[in-house]
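Trainee: Here is a sequence with its predicted model. Questions after.
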Amino acid sequence: MTESPAPQTGPVVLRTRVYFDPDTGTIVNVHQVASAEPLDDARLDEESAAFEAYLEQRHGRRLDSVDVDAERIAAAVAPSVTLRVDPATRELVTETG
């Protein structure tokens, strides 16, 4: 008899968005929207827009953003690793050193 995996409880990350300086690619903030219930795209966009308004007010300018894989960011976090976004390709770049 095979067992079914237990249903996941608690919040699930639905979107991970990196906000970065459009000139240098320096990551300014990583924002995750998590919910215990499914959210449609309109609700996800509302949550992201509210956070973007906060960032714009805090930094005095609009930052660029890109949605990324949360697992990739988590795997790359280490003392000797720097993440940034290549503004031309809008892809995460991992730099070690």
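Mentor: It's in. Numbering: from 1, shown residues only.

Trainee: May I have the beta-bridge partners of the nearest residue to Asp86 once chain neighbours are set aside?
Mentor: Closest residue in space to Asp86, ignoring its immediate chain neighbours: Val93 at 5.1 Å, by C-beta to C-beta, 6 or more residues apart in numbering. To be clear about C-beta, it is placed using only N, CA and C from the backbone, and glycine gets the same treatment. Per DSSP bridges, the residues bridged to Val93 are Arg84.

Trainee: Distance from the helix or strand containing Leu55 to the middle of the chain?
Mentor: Element membership for Leu55 (DSSP states H and E) is helix 41-59. Offset of helix 41-59 from its chain centre (C-alpha atoms, centre = their mean, to the nearest Å): 12 Å.

Trainee: Give me the residues contacting it.
Mentor: Leu14, Arg15, Arg17, Tyr19, Val28, Asn29, His31, Val33, Leu39, Arg62, Leu63, Ser65 (C-beta atoms under 8 Å, 6 or more residues apart in numbering).

Trainee: can we see that at 7 Å?
Mentor: Helix 41-59 has contacts (C-beta atoms under 7 Å, 6 or more residues apart in numbering) with Leu14, Arg15, Arg17, Tyr19, Val28, Asn29, His31, Val33, Arg62, Leu63.

Trainee: re earlier: state the number of residues packed around the residue nearest to Asp86.
Mentor: 12 (other C-beta atoms under 10 Å).
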